[in-house]
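Novice: here you go, sequence then predicted model.
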Amino acid sequence: MPLPRLITLIVGLIAILSLSLWLIQYLNQLSWQLSYFGFFGNILLLLLIVLIGSLIAAFVYYVMVIQGGESRSSRRPKRRITTAEIPAAKSEAASSNLQAVRQQVSQIQDEVTRQALLSKSREIEANLVRGEIQVVIFGTGSAGKTSLVNAVIGRMVGKVDAPMGTTTAGETYCLRLKGLERKILITDTPGILEAGVAGTEREQLARGLATEADLLLFVVDNDLRRSE
Ligand SMILES: Nc1nc2c(ncn2[C@@H]2O[C@H](COP(=O)(O)OP(=O)(O)OP(=O)(O)O)[C@@H](O)[C@H]2O)c(=O)[nH]1
Ligand SMILES: [Mg+2]
């Protein structure tokens with residue numbers, strides 16, 4: 001028990017006991033006087049004794065339990081506020097993000113989804129290590145996606161034509177820029193929002209490729225339409 005609480009307890013008890021002694025003396029005198037009232041006088045005396053006892057019990061309870069509880073809670077170590085460290089390098093930030101993603105993925109109940117997301121995160125990690133940047137050219141049919149790819153690569157790598165559906169499969173081209181060690185992979189995709197079964201299949205393929213992008217370039221041939 002801490003010293004200040006012990007002193008409070010002792011001083012309080014001495015005060016209450018001396019008060020009680022004085023009260024007992026007083027009660028003694030009173031009992032003589034109350035003896036005239038018979039049974040009623042004895043009840044009054046008993047009530048006064050119970051009152052004194054309750055006073056002592058309440059004091060001890062306050063010092064031992066309430067004060068003790070307060071001092072315990074004040075002794076409880078305060079929660080430390082730690083500021084999250086922001087990684088300086090982008091690759092470091094990406095790796096820590098990947099780790100966080102993996103932790104969340106491991107909590108997914110569905111085995112198939114979990115495995116798919118885990119393999120995706122491994123793929124991203126491998127890309128990070130390799131240092132390649134995947135740029136995917138995405139958009140509606142005949143918007144000029146392949147024309148953009150040709151312009152960026154600097155030669156006619158993909159077939160360009162007016163009708164929709166000229167590009168039927170994903171094509172990836174490697175671009176190297178002066179002063180940049182990392183390879184840039186540019187993927188041309190079939191168009192989206194085309195009619196027919198073949199068009200829907202091409203869209204599915206394009207959407208799949210788009211999910212692998214580090215950077216997605218959405219090509220529009222005019223004002224953006226609602227469907228786009
Ligand atoms: N006027 C104009 N025409 C363009 C431009 N870019 C492309 N085109 C024309 O638009 C048509 C479609 O171009 P593509 O590059 O094949 O379009 P795409 O998005 O690859 O088409 P799909 O592969 O069929 O989805 C071609 O006739 C191009 O010559 C542009 O900037 N201006
Ligand atoms: Mg094309």
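Specialist: On my side now, so go ahead. Ligands and ions are numbered 1, 2, ... in the order given.
Novice: just the buried residues of the longest helix along the chain, please?
Specialist: Counting by DSSP state H, the longest helix found in the chain is helix 3-34. Neighbour counts over helix 3-34 (16 or more other CB atoms under 10 Å) mark 9, 16, 20, 23, 27, 34 as buried. All C-beta spots, glycine's among them, are computed from the backbone N, C-alpha and C.
Novice: what sits against the first one?
Specialist: The neighbours of residue 9, taking CB atoms under 8 Å, 6 or more residues apart in numbering as the test, are 60, 63-64.
Novice: swap in the third one?
Specialist: With contacts defined as CB under 8 Å, 6+ apart, residue 20 is in contact with 52, 56.
Novice: on that earlier part again, downstream of the longest helix of the chain, the next helix or strand is which one?
Specialist: Next helix or strand after helix 3-34 toward the C-terminus (DSSP states H and E): helix 39-61.
Novice: just the angle between that next one and helix 3-34, please?
Specialist: Computed by axes from the mean of the first three to the mean of the last three CA atoms, to 10 degrees, the angle separating helix 39-61 from helix 3-34 equals 180 degrees.
Novice: mind giving me the packing neighbours of helix 39-61?
Specialist: helix 3-34 (3 or more CB pairs under 8 Å, 6 or more residues apart in numbering; DSSP states H and E).
Novice: ranges for the strands of the protein?
Specialist: For the chain, the strands defined by DSSP state E occupy 133-139, 171-175, 184-188, 215-219.
Novice: what is the mean pLDDT for stretch 206-226?
Specialist: For stretch 206-226, mean pLDDT rounds to 92.
Novice: residues making contact with that stretch?
Specialist: 123, 127, 133-140, 142-145, 148, 170, 187, 189-192, 228.
Novice: stretch 45-56 now?
Specialist: Residues contacting stretch 45-56 (CB under 8 Å, 6+ apart): 13, 16, 20, 23, 27, 30-31, 34.
Novice: and this structure, which of its residues are near ligand 1?
Specialist: For the chain, the residues found near ligand 1 under the criterion CB under 6 Å from any ligand atom are 141-147, 160-162, 164-167, 190-191.
Novice: out of those, which are close to ligand 2?
Specialist: By CB under 5 Å from the ion, the members of those lying near ligand 2 are 145-146, 166-167.
Novice: for the longest helix of the chain, the distance to its chain's centre please.
Specialist: 58 Å (CA atoms, centre = their mean, to the nearest Å).
Novice: run through the residues of this protein sitting next to ligand 2.
Specialist: By CB under 5 Å from the ion, the residues of the chain that approach ligand 2 are 145-146, 166-167.
Novice: rewinding a little: what subset of the contacts of stretch 206-226 is buried?
Specialist: For the contacts of stretch 206-226, buried by 16+ other CB under 10 Å: 127, 133-140, 142-145, 148, 170, 187, 189-192.
Novice: and residue 228, what does it touch?
Specialist: The neighbours of residue 228, taking CB under 8 Å, 6+ apart as the test, are 139-140, 193, 218, 220.
Novice: ok, residue 147 - how many residues close by?
Specialist: Each residue near residue 147 was counted by other CB atoms under 10 Å, and the total is 17.
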